[in-house]
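Enquirer: Okay, structure incoming, though there's no sequence with it:
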């Protein structure tokens, strides 16, 4: 067995994780973006909106999917369990920075968790790059508990961020609020709340970044349709059967960054 193909048992969920070969996922520069001044401001603004939607997560089990690491710290101390799963289209980075690694690389249509595993799923930088959005949502539906909640952050097709390829929000397919709403409804989700964020232009100008809060307030009041991202919270609906195409996953192999075993 190659040195970079060590199998380990993780998370007490019947999941076997495989260490990812170095450089496996090139992504769209998610790590570099969130390490930049613009990315740090964008993450702070988004965390503010997410915290308003999910302020209390005590005792809940949370899954971050896509590239959710910059936002999961909101709930790590409250939640009973917080896991971070990257998709092949995103950069793979160990999370959290301190302590044991809680990160894995997974396939969007084969999430390596049993049914009813999570109370909340945060999907960031996932929907826009999905090859089959319906199939991914069905998998998320499967792993959510009966009262589970899904929170999607996706680039707004009317916003400036979706039309500049210098950020991860400019990659893949952007969505309108209506498109996400219809997509969720067709896959056994009921939309509960909607929000928007990122009204400042996606440029790395110091003055612009310092006034990001003012841009958010003015944009929300005067031009809500032109936000950089749309945020949609949805509730899992139970109709007596799983949506067509969903499958059970008693145990699957997932890829974990090599750094996960460091130390």
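Expert: Structure's in. What do you need? Since this is a predicted model, take the numbers as computed values, not measurements.
Enquirer: Would you mind naming the helix or strand containing residue 149?
Expert: In the assignment (DSSP states H and E), residue 149 maps to strand 144-155.
Enquirer: quick one, strands of this structure?
Expert: According to DSSP state E, the chain carries its strands in the segments 7-10, 15-20, 61-66, 81-86, 103-105, 118-124, 144-155, 189-197, 229-236, 253-257.
Enquirer: Give me whichever of these is most buried.
Expert: strand 61-66 (a mean of 26; mean count of other Cβ atoms under 10 Å). Every C-beta, even on glycine, is put in place using the N, C-alpha and C of the backbone.
Enquirer: counting contacts, what elements does that strand pack onto?
Expert: Packing partners of strand 61-66 (3 or more Cβ pairs under 8 Å, 6 or more residues apart in numbering; DSSP states H and E): helix 69-72, strand 81-86, strand 118-124.
Enquirer: Quick one: distance of the first one to the chain centre.
Expert: If I follow you right, that is helix 69-72. 8 Å (Cα atoms, centre = their mean, to the nearest Å).
Enquirer: just use 44 as the starting number from now, easier for me
Expert: Got it, first residue is 44 now, which makes that one helix 112-115.
Enquirer: Which one, of the helices and strands packed on strand 104-109, ends up nearest to residue 144?
Expert: strand 124-129 (9.0 Å; Cβ to Cβ).
Enquirer: May I have the strands that pair with that closest one, each with its orientation?
Expert: In the sheet, strand 124-129 lines up against strand 104-109 (parallel), strand 146-148 (parallel) (DSSP bridges).
Enquirer: Tell me which residues are up against the longest one.
Expert: Put plainly, it is strand 104-109. 114-115, 118, 122-130, 133, 149, 151, 154, 156, 160-170, 172, 183, 186, 188 (Cβ atoms under 8 Å, 6 or more residues apart in numbering).
Enquirer: For the helices and strands packed on strand 104-109, give me JSON lines that also has distance to residue 210 and mean pLDDT.
Expert: Shown next, in JSON lines, are these (distance: least, Cβ to Cβ, whole Å; pLDDT from 0 to 100):
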{"stretch": "helix 112-115", "distance to residue 210": "13", "mean pLDDT": "96"}
{"stretch": "strand 124-129", "distance to residue 210": "17", "mean pLDDT": "96"}
{"stretch": "strand 161-167", "distance to residue 210": "13", "mean pLDDT": "98"}
